[in-house]
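Engineer: A predicted structure for the sequence below; I have some questions about it.
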Amino acid sequence: MKIPGLISTVNSEKLDFYGKSLRGNVRRSVIRPGRLVLLSLFVALFCLPAVAQSQRPPVAAGTQNLPPGTPGTGASAGEQLPDQELPGNISGTVLDQSGAGVAGARVKLAGETQSQNQETQSDNNGQFSFAEVAPGPFQLTITAAGFKTQTISGTLHSEESYVVPQVALVVATAITDMRVDSSQVEEAQAEIKVQEKQRVLGIIPNFYVSYVPNAAPLDPKQKFELAWRTAVDPVTLVLTGGVAGVEQARNDFSEFGQGAQGYGKRFGAFYANLATGTFIGSAILPSLLKQDPRYFYKGSGSRRSRILYAIANAVICKGDNGRWQANYSEILGSLAAGGISNLYYPADGRNRAQLTLENAAFAIGASAAFNLFQEFFSRRFTPHLPGHQPSNP
């Protein structure tokens, strides 16, 4: 076979020469294994490359210096890089029926893979966005207090900036109950930890005031936790001891007598009255009636609006569903505490029915005065408070 090129011709001639010699040697004797190996190595190094060179298709002009994988260079399809799916972005706006942006709406993104799952909240203009989202089908679930949940589906392509059509939430027609999920419980617990550090002048406990108007609702366990924390606080015990001392000095409830025994009875009676009112009005009834026992600081608006807000909060409160309602827990708690006190106060200090009602009315007035103090004075005397937003009744 004639091989083009000088090197190919020379190599072919060498091959023919050694082939003839090989055939001659085979007639005379068996080729020694060592020589056969050397001969094979010679053929592999000098002859086979020449044959392969002759069978390679010619290279098109102008493509000699192109990198492998470039079309026209003769590279196989397997050497080309496959198309890569690059992440994209998803954004949108949450509106109410009037066209105003809904702030704080929870937007959950779910996809076919775990890496697509994300969650965010809409900003003050109702806008939200997700970055670095893997391409593929996705689903958005949008929830907001007082609105029906909405679900939107779509498909994100590689490097696409997907803009969701404006989402108009519909007001829920009826809210019979509010489901408190694990995230709300954790959020409420974090807020309680902050509240338990609130002390007027750094000493007097101020646990039942929230400076977060949209605070997460408390579950029953957390309501009892606040009540217990208040009942066993050292300042509560010192206050009880001071009141008992004043009552003994004035010889109130004379049937208790004097001395250590009389002081102990007065201390026990006052503490029982205080603890009973705290647990019934701030834990038991709020848990049964699903009401929030805290005062929500307003801190904005005219002085008149803040005064009316503080006074109104003596007879209204926030429910666990975020709606304002009559404060049955405070009213019934005052009546119940007055009635139970008849069990441990002496006969001359027990409350008749009329007196019990009068004491309940007095408790409501005291609550209004307490709220006014909270609205205008306690914040400036309570260090290390979190930032707050305006609250509206």
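Structural biologist: Arrived safely, thanks for sending.

Engineer: Next up, phi/psi of Thr120, please.
Structural biologist: Per-residue torsions, Thr120: phi -150, psi 180 (degrees, to the nearest 10).

Engineer: Please report the distance of it from Gln166.
Structural biologist: According to C-beta to C-beta, to the nearest Å, Thr120 and Gln166 sit 17 Å apart. For glycine as for every other residue, the C-beta is placed from the backbone atoms N, C-alpha and C.

Engineer: Equivalent analysis for Ala172, please.
Structural biologist: Plainly put, Ala172 is 20 Å away from Gln166 if you go by C-beta to C-beta.

Engineer: would Arg379 count as being in a helix?
Structural biologist: Yes: assignment of Arg379 by DSSP: H, G, I helix; E, B strand; the rest coil places it within a helix.

Engineer: Verify the contact between it and Arg306 for me.
Structural biologist: No: in this structure Arg379 lies outside contact range of Arg306 using C-beta atoms under 8 Å: 11.8 Å.

Engineer: Now for these two: what residues contact both?
Structural biologist: Counting by C-beta atoms under 8 Å, 6 or more residues apart in numbering, the common neighbours of Arg379 and Arg306 are Gly299.

Engineer: how many neighbours does Phe377 have?
Structural biologist: 11 (other C-beta atoms under 10 Å).

Engineer: Need phi/psi at it.
Structural biologist: Per-residue torsions, Phe377: phi -130, psi -40 (degrees, to the nearest 10).

Engineer: and it, how far is that from Val185?
Structural biologist: Relative to Val185, and taking C-beta to C-beta, Phe377 is found at 32 Å.

Engineer: Over to Lys197?
Structural biologist: Using C-beta to C-beta, we find Lys197 at a distance of 20 Å from Val185.

Engineer: for the spatially most central residue of the chain, helix, strand, or coil?
Structural biologist: In the chain, the residue lying closest to the centroid (C-alpha atoms, centre = their mean) is Ser183, at 6.1 Å. At Ser183 the chain is in helix, as set by three-state DSSP.

Engineer: Pull up the gap between the nearest residue to Ala283 once chain neighbours are set aside and Ala269, please.
Structural biologist: Once flanking residues are discounted, Ala283 sits nearest to Ala227: 4.0 Å by C-beta to C-beta, 6 or more residues apart in numbering. Remark: distance between Ala227 and Ala269 (C-beta to C-beta) = 19 Å.

Engineer: Please say which of the two ends up with more neighbours.
Structural biologist: Ranked by neighbour count (other C-beta under 10 Å), Ala227 and Ala269 place Ala227 first, with 24 against 21.

Engineer: export the helix or strand encompassing that one as PDB, just CAs?
Structural biologist: Remark: Ala227 resides in helix 220-231, with elements defined by DSSP states H and E. The C-alpha trace of helix 220-231 is given here as PDB (Å, rounded to 0.1, in the frame of the first residue of the first chain):
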ATOM      1  CA  PRO A 220     -52.100  29.100  77.300                       C
ATOM      2  CA  LYS A 221     -48.700  27.800  78.600                       C
ATOM      3  CA  GLN A 222     -47.100  31.200  77.900                       C
ATOM      4  CA  LYS A 223     -50.000  33.100  79.700                       C
ATOM      5  CA  PHE A 224     -49.500  31.000  82.800                       C
ATOM      6  CA  GLU A 225     -45.700  31.500  82.500                       C
ATOM      7  CA  LEU A 226     -46.200  35.300  82.700                       C
ATOM      8  CA  ALA A 227     -48.600  35.000  85.600                       C
ATOM      9  CA  TRP A 228     -46.200  32.700  87.500                       C
ATOM     10  CA  ARG A 229     -43.300  35.000  86.800                       C
ATOM     11  CA  THR A 230     -45.200  38.000  88.200                       C
ATOM     12  CA  ALA A 231     -46.400  36.100  91.300                       C
END
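
Engineer: And the average pLDDT for it is what?
Structural biologist: Helix 220-231 shows an average pLDDT of 93 in the prediction.

Engineer: Which helix or strand lies directly C-terminal to that helix?
Structural biologist: Trace forward from helix 220-231 with DSSP H and E and the next one is helix 234-249.

Engineer: for that following helix, packing partners?
Structural biologist: Counting contacts by 3 or more C-beta pairs under 8 Å, 6 or more residues apart in numbering; DSSP states H and E, helix 234-249 packs against strand 204-205, helix 259-279.

Engineer: who wins for proximity to Ala103 among these?
Structural biologist: When the helices and strands packed on helix 234-249 are compared for distance to Ala103 using C-beta to C-beta, the nearest one is strand 204-205, at 32.7 Å.

Engineer: show me where pLDDT drops low in the protein?
Structural biologist: The chain contains residues with pLDDT under 70 at 1-83, 114-115, 173-182, 348-356, 358-359, 384-393.

Engineer: Let me see the ranges of the helices in it.
Structural biologist: In the chain, the helices defined using DSSP state H lie at 6-28, 33-42, 48-55, 182-195, 220-231, 234-249, 259-279, 285-289, 303-312, 328-340, 353-376.

Engineer: What number of residues are in the vicinity of Leu226?
Structural biologist: Leu226: 21 surrounding residues under other C-beta under 10 Å.

Engineer: ok, back up a step: in contact with the residue nearest to Ala283, which residues?
Structural biologist: Applying C-beta under 8 Å, 6+ apart, the residues contacting Ala227 are Thr278, Phe279, Ser282, Ala283.
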